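Enquirer: compute the structure for the input listed below.
(chains A, B and C)
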Amino acid sequence: MTRPLILNDDRLFPVEAGVRAVARRLYGLVKDLPIISPHGHTDPEWFATDASFGNATELLLAPDHYLYRMLYSQGIALEELGVPSKDGPSKADPREAWRVFAAHQHLFRGTPSAMWLAHVFSSVFGFEVALEASTADLYYDAINDKLATDVFRPRALFERFNIEALATTESPSDDLVHHRAIRASGWGGRVITAYRPDPVIDAEHEQFPEAMRRFAELSGQDVWSWKGYLAAHRIRRAAFAEMGATSTDHGHPTAATADLSASEAEALFKVIVSGAATPAQAELFRAQMLTEMAAMSLDDGLVMQIHPGSFRNHNARLFASHGRDKGADIPTGTDYVRALKPLLDRFGNETRLSVILFTLDETAYARELAPLAGHYPVLKLGPAWWFHDSPEGMRRFREQTTETAGFYNTVGFNDDTRAFLSIPARHDVARRVDCAFLARLVAEHRMAEDEAAELAVDLAYTLPKRAYKLDRAPASLAQSA
Amino acid sequence: MTRPLILNDDRLFPVEAGVRAVARRLYGLVKDLPIISPHGHTDPEWFATDASFGNATELLLAPDHYLYRMLYSQGIALEELGVPSKDGPSKADPREAWRVFAAHQHLFRGTPSAMWLAHVFSSVFGFEVALEASTADLYYDAINDKLATDVFRPRALFERFNIEALATTESPSDDLVHHRAIRASGWGGRVITAYRPDPVIDAEHEQFPEAMRRFAELSGQDVWSWKGYLAAHRIRRAAFAEMGATSTDHGHPTAATADLSASEAEALFKVIVSGAATPAQAELFRAQMLTEMAAMSLDDGLVMQIHPGSFRNHNARLFASHGRDKGADIPTGTDYVRALKPLLDRFGNETRLSVILFTLDETAYARELAPLAGHYPVLKLGPAWWFHDSPEGMRRFREQTTETAGFYNTVGFNDDTRAFLSIPARHDVARRVDCAFLARLVAEHRMAEDEAAELAVDLAYTLPKRAYKLDRAPASLAQSA
Amino acid sequence: MTRPLILNDDRLFPVEAGVRAVARRLYGLVKDLPIISPHGHTDPEWFATDASFGNATELLLAPDHYLYRMLYSQGIALEELGVPSKDGPSKADPREAWRVFAAHQHLFRGTPSAMWLAHVFSSVFGFEVALEASTADLYYDAINDKLATDVFRPRALFERFNIEALATTESPSDDLVHHRAIRASGWGGRVITAYRPDPVIDAEHEQFPEAMRRFAELSGQDVWSWKGYLAAHRIRRAAFAEMGATSTDHGHPTAATADLSASEAEALFKVIVSGAATPAQAELFRAQMLTEMAAMSLDDGLVMQIHPGSFRNHNARLFASHGRDKGADIPTGTDYVRALKPLLDRFGNETRLSVILFTLDETAYARELAPLAGHYPVLKLGPAWWFHDSPEGMRRFREQTTETAGFYNTVGFNDDTRAFLSIPARHDVARRVDCAFLARLVAEHRMAEDEAAELAVDLAYTLPKRAYKLDRAPASLAQSA
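Expert: Numbers count the residues shown, from 1 in each chain, chains lettered A, B, ... in the order given. So this is what the prediction gives:
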């Protein structure tokens, strides 16, 4: 007998009837607001070509490290799951991979993946029975059938999902061909890029030399000289802004910043491009570049995002066989107070610059991040990130940041995902959790309901739009106007 | 249309009817108990002169870094808010500053400041509409009118607030003239001092040289010799005890303690007074002085408070323009286990000494502080402090310390404030949060209600009185008896 | 008037009626399941000799550091409580010690000790009034009378407690005489040992030289040579497995692991046995031995437990007078991400090896442990440990690990206790807290009730049995079959 798949209307709301009633009212105000997705990892090619997605495994399982890392942790080989390795695409039969996935759904109990999947299966595909071993084929066939139809092509889904703006993330060494194609196509969906220069800033990144060569090519600069390198950043940032970018993004191992003199910076850069940098020099250069990027942001207005604290590619054997982004990135304790001081000493009091901080170290919420954002004009707090982008994680974020930083030093939700079909699910979870939190404050008489109502809309829609400057006319429209 | 200002009787209580009923009963036992305020930063001059307070901005906004740091974080200049700088008093019109504050009340949603302000506005001033742009002038005028009346003078408020004892905090280089005046006045309010020697212990403090000169003057000792310096501490501690002090207080960057030999300590002191101390030497001297202070406390009975872990004056530019205590102090990760060992090795098993530990690093609650206080006779835990002096912060404190340290290794509430008018509000929040926590334990059958009732009174009244030795006759009364 | 002692059937369940109903239903499924106790510190001699326990103080107070450290923290000398010192047994009259304990029950309010004691007093001894000063003698006499009866002898209690399997913990230098006696006795209770080699691995352990001598004796190896030392481990592990051991256990100050070359390891070992090891060398050797133990586990199938992060014997004076395990072990911040990398680089992807991680540093739950266990096949998470083996601690464990690691990378409950009579109480608390957590997920529509029902049974029974390989025929039975 199959189990039913039901999305209860009250999911994630507090149980007590009075609080739940408030949560329902608040959620009613935000559930149909357009989605602002100012930071994520969807592939712009999807929207450029608008080609149909492949099969269920290829779309939903093989690219989603949240899913396959959990299966891997229980002894299932990545090869069985359709995950590509350095040797190329998986040789697994996608239907077989899907069956393995279906048979292990119990592993996701209590995880956000279970909630996102249920939402995708129910709302996007219309299933009424749960995925399990006995329904694996039913799911696999039905999903593949639907994906072949026009209403499941990327642009149609984008519109159905009511997405008002969606940012992808590209490297300076990306030529933005897909973004150009989207714009040239005349399609009205607002898909923009964001400037993520890690591959040309992190000398320890395995793609650094190749990324630098492309960076030179695309910018037309001698990027192996300090002057040329900085000029190349300015040129590429402008090119990204032309493709709608309103932000940069920096994924560093730590939050370290530095403010070297021009001559010190140049000398350090020489070591970096020589290929002989020590780990400490590579770290110092990343730190210095955050401050350089802040300086450029002050000029060109791009909002700066810092995503620090992930120990990337922790599993050495898996990195060798499968490469990066395979679910083996592990958070580490992250200091902000000392790390950010050089940047803050220079730009902390600027009201025209905005730096959005993220963390994988929840201990920083109440101790460091909320006090910093609750003081420095330049700082805002990004939402609960990655492992913490979950009901309990989001609740802890609000409980631990609000009392010191308030709500208005936060920037609403980022889905931060490459799993395009789960975007509505993720925003829905965020909206529900925020409404649940606000409802408790109302029910405990810590806030009036009219204030909570205004806040619910601000958190779901107004703040992300304002924080990422998406309330302004897109650059390309402004230019053509 | 203005919004109403209502203090709901059930605010901060759990929502479920059964738990709320228990919370109400417990709160009913403590709501009218006198206030014990054993640690804070009110100005003794208020009670010495009993002069009327100035205007709303000067009293409520300009001195309260909780408020203006939040406004500053959103791009409002301190100058606009009436906050004095190193150049002198702000040139802002206080009414205009008040209007800016009124127009930005939404920034405080979900913060304890919002709750404290509502309590002050409603209970102290009797407002029935909320503060917002449209009521800014109404508030400003009404507050100023009331402040001009006798019932709003400091001593009248002290009595109206039902304060049984209030400790201020002074440096050894303070002559305690206001405390002497209070005593000489014959007024019955128990306002006492506390000994905070940071300015003569912290060689990195910008007031160190001047504080040492005053220390010498007031003690009559050669404070630049190690012997004279220690003697001066003993003399000033005795003078503070005469002005009612029952405690010392130490606000250090870390919780480091040291136990050097007499000759090592003397050699270190020579470096300190030479002005040539390295940061490590300054740190070691602070560490050593905690142990010296503990030794003196064993003799004179002053309870010792340690408030470690704040990175003071983090905003270099603001420190240069406005000086210290401007909302730019940021918590840092704080170790206690290794840091306190030298002091504990010497005094940890003393039953006649009491050291009250505070933290800005909540990760230490369950991991370090509760296990330490749940073992060492000398240690007690101070309440949730500063950024954590808030409903969620206090709840975390109880949830994370009680199971290991119990309630009786804690010391009740400290308001720790310079915002005199908010003292009843702060104690009320603490009492409500404690009653809410106890009510949950009762409702989950983890404690009987008669036990919770006894605890509610202990936490609100008995424990702070006992922990700070305020249940003994004041020293000056004892001497005159 | 005495106070009643009541174990409410709904204790520890959420208060809201709907959630409580779910919790009751889930708990109904698990409350009578047999107890699996795969890690603990009971004394095998009890089950070998089946002799009657002594008096109430000797059985319940004097060996329980949870209890006497709390009394000690409030200024009561250990000597008064019947706790033995290095000079021998306490000279306190056990009835007087019991009276002191009875008179201070309020200190345990809100602690798990209070819940465990209530359960023992009510369920095991049948008391209907609470322990307090006025009932001290009533308790003392009644307990002693019962302990003298056959139904209160160890084996009878073991059976009454419905324990299916119970692991004790022994050092390699223990000859396992009691375990052999248990097996020889023909009694059917499954009491097994576990291999805890700390005394022969930790060169800083005060018993290291003596433990090494016994290790040599029992293994017949030259344990002062690297080869002989490793061989001795293999021999003793096999002997432990014969006495039913399915696991090893490692209680190190940190989680550091190392993977030295054979020659480096041998050179380090020479320094270790020379007695001249520096603290850094002792640490490196402990780190290396975790990896060596993992290699042996891959061969012999023993599950590996790592219990890191306790600063043992923090109170120097108490250690000198009373020795180890006297309530003065304090948790410290513990890194896992870098510490475990050498071991994981070698064995992280093994599906035939199982390493169960514990922590005293709750900040690692969501940040490090859940991401590690949610990726590496070799890792599982042990339950909330020691100071965190409490209702709030267990709740935090589930809230902070489940969303990333799921439930199936955890291993159910360990009571980890030497307080034999409290074992049912401790498992009952764990089952209730897990059911309460699951009930909330069901009531918030984050999981279906049938899933929660399956999970409740898995957490209480199936997972510990499987994780510790107790679902296989005991080794000795298998051999005789």
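
Enquirer: my guess is residue A:91 contacts residue A:78. True?
Expert: No. Using C-beta atoms under 8 Å, residue A:91 makes no contact with residue A:78, being 11.7 Å away. All C-beta atoms are positioned from the backbone trio N, CA, C, and that covers glycine.

Enquirer: and residue A:355, its phi and psi?
Expert: Backbone torsions for residue A:355, taken as degrees, to the nearest 10, come to phi -120, psi 120.

Enquirer: can you check residue A:289 too?
Expert: Note on residue A:289: backbone dihedrals following degrees, to the nearest 10 are phi -70, psi -30.

Enquirer: identify the residue nearest it in space, chain neighbours excluded?
Expert: Ranked by C-beta to C-beta, 6 or more residues apart in numbering or on different chains and with sequence neighbours excluded, the top spatial neighbour of residue A:289 is residue A:201, at 4.7 Å.

Enquirer: what sits against the one you found?
Expert: A:250, A:285, A:286, A:289 (C-beta atoms under 8 Å, 6 or more residues apart in numbering or on different chains).

Enquirer: that one and chain C, how far apart?
Expert: 23 Å (C-beta to the nearest C-beta, to the nearest Å).

Enquirer: and that residue, how far from residue A:295?
Expert: For residue A:201, the distance to residue A:295 (C-beta to C-beta, to the nearest Å) stands at 14 Å.

Enquirer: per-residue confidence for the closest residue to chain C within the stretch 151-300 of chain A?
Expert: The nearest approach of the stretch 151-300 of chain A to chain C comes at residue A:253, 11.2 Å away (C-beta to the nearest C-beta). Note for residue A:253: predicted pLDDT of 97.

Enquirer: do the one 4 residues further on as well
Expert: In the prediction, the pLDDT value recorded for residue A:257 is 98.

Enquirer: state the pLDDT value of the residue positioned nearest the centre of chain A.
Expert: Taking C-alpha atoms, centre = their mean, the centroid of chain A lies closest to residue A:416, which sits 1.8 Å from it. Listed pLDDT for residue A:416 reads 97.

Enquirer: do the same with residue A:112
Expert: 98.

Enquirer: quick one: residues contacting the spatially closest residue to it that is not a sequence neighbour.
Expert: Counting by C-beta to C-beta, 6+ apart, residue A:390 is the residue found nearest to residue A:112 once chain neighbours are left out, at 4.1 Å. Contacts of residue A:390 were listed using C-beta under 8 Å, 6+ apart, and they are A:111, A:112, A:384, A:429, C:403, C:404.

Enquirer: quick one: the first one and residue B:165, what's the gap?
Expert: According to C-beta to C-beta, residue A:111 and residue B:165 sit 52 Å apart.

Enquirer: just the second one next, same as before
Expert: From residue A:112 over to residue B:165 the distance is 50 Å, taken as C-beta to C-beta.

Enquirer: neighbouring contacts of stretch A:461-468?
Expert: Applying C-beta under 8 Å, 6+ apart, the contact partners of stretch A:461-468 are A:30, A:33-34, A:36, A:38-39, A:164-165, A:167, A:246-247, A:303, A:354, A:356, A:380, A:407-408, A:410-414, A:470-471.

Enquirer: got the end-to-end distance for stretch A:48-61?
Expert: Terminal residues of stretch A:48-61 are spaced 23 Å apart (C-alpha to C-alpha, to the nearest Å).

Enquirer: and that stretch, which residues are buried?
Expert: The neighbour-count check on stretch A:48-61 (16 or more other C-beta atoms under 10 Å in any protein chain shown) flags A:48, A:49, A:50, A:53, A:55, A:56, A:57, A:58, A:59, A:60, A:61 as buried.

Enquirer: stretch A:286-303 too?
Expert: Neighbour counts over stretch A:286-303 (16+ other C-beta under 10 Å) mark A:286-294, A:296-298, A:301-303 as buried.

Enquirer: closest one of these to residue C:192?
Expert: residue A:286 (51.7 Å; C-beta to C-beta).

Enquirer: what helix or strand is that closest one located in?
Expert: If you go by DSSP states H and E, residue A:286 is part of helix A:279-300.

Enquirer: what sits against residue A:470?
Expert: A:36, A:38, A:164, A:165, A:246, A:464.

Enquirer: gap between it and chain C?
Expert: When residue A:470 is compared with chain C (using C-beta to the nearest C-beta), they lie 29 Å apart.

Enquirer: before we move on, back to that, which of the contacts of residue A:390 has the most neighbours?
Expert: Neighbour counts for those, by other C-beta atoms under 10 Å in any protein chain shown, peak at residue C:404, which reaches 30 neighbours.

Enquirer: grab the nearest non-local neighbour of that residue.
Expert: Per C-beta to C-beta, 6+ apart, closest to residue C:404 is residue C:370, 3.7 Å.

Enquirer: work out the gap between the helix or strand that the one you found is a member of and the centre of the chain.
Expert: Using DSSP H and E, residue C:370 falls within helix C:370-373. Relative to its parent chain, helix C:370-373 has a centroid offset of 22 Å by C-alpha atoms, centre = their mean, to the nearest Å.
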